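*Asks:* Test case, fold it:
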Amino acid sequence: MAIYHLSAKVISRAGGRSSVAAAAYRTAGRLRDERQGLEHDYSRKGGVVHSEIMAPENAPDWMCDRDQLWNAVEAVEKRRDAQLAREIEVALPRELDRGERLELLRGFVQREFVNRGMIADVAIHEGKARDGHGQPHAHVMLTMRELTGEGFGKKDRSWNAPDLLMGWREAWARDANTALERAGRSERIDHRSLDVQRTEAEQQVERARGGGQEELALEHEKKVVELSREPEPKIGPSANAQEKRGIVTERGEAFRAAQARNAQRQELGWRQLELRLELMERGRAFIATARERLDQLWGRAEAAMSRIKERVMGEVERPQAGAERGDMDARRAAVLGREVDRPEVQAPDVGRERAPSDDPIRERLNAILGRGRDIGQERDAAAVERDIVARDGEGRDQGRRDDILGRGRDTAPERGQGRDRDRDRER
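*Replies:* Have a look, this model is predicted:
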């Protein structure tokens, strides 16, 4: 994981420090301190993969020589508590390769330091972190005086402003993140304090959860757990050297205690996060099962509604179909010359009125038979003829036959004429 680190400190003569000795150590070189008459040889020191001096365009050429540069700094500073140089230490992203790290560092140093008039002595180290992975970082020693045509001028006090340091910290985070993005990496660093970052992450969790974005909230919760740690104290070069020789130091003990507390705090945070994740998974499974059952119930409800709709439509369409069949029967009866069975049409009975008939064939038959009565007293023509033949054979009187034929003449002349005709036939 990419980490953020940028620290600034002053190399001061008051602490018994020497800018020449510091430069020799940072660059794993061999330099002689002319003021003290001491030679500092760190050429056998490993871990330094690159070193160079970056100077403004108006700097004399001799200032690009490390030995001459830092001896000139020692010579121009007369005070016993003089501030000799400023050192910037930055952690380089291990996710970048050596070329990408060098490009990142050069761009940052040129813009933030060299362009302001400082000379920068740059050294890149590749050590080992406590987790066993690489720990690439850089040391940048900066001069503290303005440059003149021949050498150093007055000290520039504006370079000591706290706001300038804050700007450097923010600029390094921005440049490193740009380099990570350019390299296709998702890791990012943040120059702000752990408390500020953790508070922001917690707010992002609440916003994501309030918007129903549980996945995003989970990602922010992971960040909260990672940031739930206290700053680890610096051991320092002296105590670090003693620790390497097996000597337990107070600073080393404080560092290890802080590490143990951070490990315990993060272990608890990860357990809580795992529990939350498990609950989320169970909730998702429950929701999926409930949704499946609801879908099944909805399908059954739709099928039932379809059956009800078909039944209702059938009840509505049945009378219409009956009416259509009645119309067809009526048309068929008209073609066949029959009456349709309707309530108002009755079977032909004597003494019961019937509805008038519009049948032309029946009217012609009535005319032939001489019927002048109401059509309601009609009988079947074939049945009438059969009665006539039967009654003629039996020799019944004409009056009876006339009644059967429907000739209801009750006048005396008509009855007399009928008897005369009977006597004529008997003769």
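*Asks:* only C-alpha atoms for contact and neighbour calcs from this point on.
*Replies:* Fine.
*Asks:* can you map out the helices along the protein?
*Replies:* Ranges of helices in the chain, per DSSP state H, are 19-27, 66-76, 98-112, 162-182, 194-210, 214-227, 237-244, 250-336, 360-369, 381-394, 398-405, 412-426.
*Asks:* what angle separates the longest one from helix 214-227?
*Replies:* Regarding helix 250-336 and helix 214-227, their directions subtend 180 degrees when assessed with axes from the mean of the first three to the mean of the last three CA atoms, to 10 degrees.
*Asks:* just the first one next, same as before
*Replies:* With the same axes, to 10 degrees defining the directions, helix 19-27 sits at 130 degrees from helix 214-227.
*Asks:* And helix 19-27, what does it pack against?
*Replies:* strand 30-33, strand 38-41, strand 48-54, helix 66-76, strand 120-128 (3 or more CA pairs under 8 Å, 6 or more residues apart in numbering; DSSP states H and E).
*Asks:* What pairs with the last one, parallel or antiparallel?
*Replies:* The partner list of strand 120-128 in its sheet, established with DSSP bridges, is strand 48-54 (antiparallel), strand 134-142 (antiparallel).
*Asks:* next one: the first one
*Replies:* Strand 30-33 has the following sheet partners, assigned by DSSP bridges: strand 38-41 (antiparallel).
*Asks:* just the helices and strands packed on helix 19-27: most buried one?
*Replies:* Most buried of these, by mean neighbour count (mean count of other CA atoms under 10 Å): strand 120-128, with a mean of 21.
*Asks:* Other residues contacting that one?
*Replies:* 23, 26-27, 47-55, 66, 109, 113-114, 134-143 (CA atoms under 8 Å, 6 or more residues apart in numbering).
*Asks:* For the residue positioned nearest the centre of the chain, give its distance to Ser186.
*Replies:* Residue closest to the average C-alpha location in the chain (CA atoms, centre = their mean): Gln213, at 7.9 Å. Taking CA to CA, to the nearest Å as the measure, Gln213 falls 21 Å from Ser186.
*Asks:* and what of Gly16?
*Replies:* 44 Å.
*Asks:* more neighbours, these two?
*Replies:* The neighbour comparison of Gly16 against Ser186 (other CA atoms under 10 Å) goes to Ser186, with 12 against 9.
*Asks:* Mind pulling the model confidence for that one?
*Replies:* On pLDDT, Ser186 comes in at 90.
*Asks:* Please name the residues that touch it.
*Replies:* Leu180 are the contacts of Ser186 under CA under 8 Å, 6+ apart.
*Asks:* Could you do Ser43 as well?
*Replies:* Here Ser43 is in contact with 28-30 (criterion: CA under 8 Å, 6+ apart).
*Asks:* likewise Asn71?
*Replies:* Applying CA under 8 Å, 6+ apart to Asn71 gives the contacts 19-20, 33-35.
*Asks:* Distance to Val248 added to the residues you listed, as a markdown table?
*Replies:* Supplementary listing: the contacts of Asn71 in a markdown table, determined by distance: CA to CA, whole Å:
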| residue | distance to Val248 |
| --- | --- |
| Ser19 | 29 |
| Val20 | 30 |
| Asp33 | 33 |
| Glu34 | 36 |
| Arg35 | 35 |
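*Asks:* So which of these wins on neighbours?
*Replies:* Within the contacts of Asn71, Val20 tops the neighbour count with 27 neighbours, counted by other CA under 10 Å.
*Asks:* confidence score at the closest residue in space to that residue that isn't next to it in sequence?
*Replies:* Spatial nearest neighbour of Val20, excluding adjacent residues (CA to CA, 6 or more residues apart in numbering): Trp70 at 5.4 Å. In this model, Trp70 is scored at 97, pLDDT.
*Asks:* now Trp70: how far from Met141?
*Replies:* Counting by CA to CA - Trp70 and Met141 are separated by 10 Å.
*Asks:* Give the residues shared as contacts by the two.
*Replies:* Residues touching both Trp70 and Met141 (CA under 8 Å, 6+ apart): Ala23.
*Asks:* According to the record, where do the domains of the protein fall?
*Replies:* 1-189, 360-426 (automatic domain parsing).
*Asks:* Need those in JSON lines (columns: distance to Arg293).
*Replies:* JSON lines is the format used below for the domains of the chain (distance: least, CA to CA, whole Å):
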{"stretch": "domain 1-189", "distance to Arg293": "41"}
{"stretch": "domain 360-426", "distance to Arg293": "73"}
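*Asks:* quick one, which of those is nearest to Val205?
*Replies:* Proximity of the domains of the chain to Val205 was assessed by CA to CA; the nearest stretch is domain 1-189, lying at 18.4 Å.
*Asks:* Please compute how far the closest one lies from its chain's middle.
*Replies:* Computed by CA atoms, centre = their mean, to the nearest Å, the chain-centroid distance of domain 1-189 equals 47 Å.
*Asks:* Can you tell me how far Gln68 is from Glu215?
*Replies:* 59 Å.
*Asks:* now do Gly46
*Replies:* Taken as CA to CA, the span from Gly46 to Glu215 is 46 Å.
*Asks:* Do you know the pLDDT at Lys172?
*Replies:* Let me fix one detail, which is that residue 172 is Trp and not Lys. The model's pLDDT for Trp172 equals 97.
*Asks:* what does Glu214 give?
*Replies:* 83.
*Asks:* Now tabulate the strands paired with strand 120-128 in JSON lines and tack on mean pLDDT.
*Replies:* Below are the strands paired with strand 120-128 laid out as JSON lines (pLDDT from 0 to 100):
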{"stretch": "strand 48-54", "mean pLDDT": "96"}
{"stretch": "strand 134-142", "mean pLDDT": "95"}
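*Asks:* Now distance to Ala301 too, for the ones you listed, in TSV please.
*Replies:* As requested, the strands paired with strand 120-128 are arranged in TSV below (distance: least, CA to CA, whole Å):
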stretch	distance to Ala301
strand 48-54	75
strand 134-142	65
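*Asks:* show me where pLDDT drops low in the stretch 201-350 of the chain?
*Replies:* Scanning the stretch 201-350 of the chain for pLDDT under 70 picks out 316-350.
*Asks:* Kindly recompute the last result at 50.
*Replies:* Applying pLDDT under 50 to the stretch 201-350 of the chain flags the ranges 339-350.
*Asks:* can you give me phi and psi for the nearest residue to Ile3 once chain neighbours are set aside?
*Replies:* Excluding the flanking residues, the one nearest Ile3 by CA to CA, 6+ apart is Ile189, at 5.9 Å. Dihedral pair for Ile189: phi -120, psi 160, per degrees, to the nearest 10.
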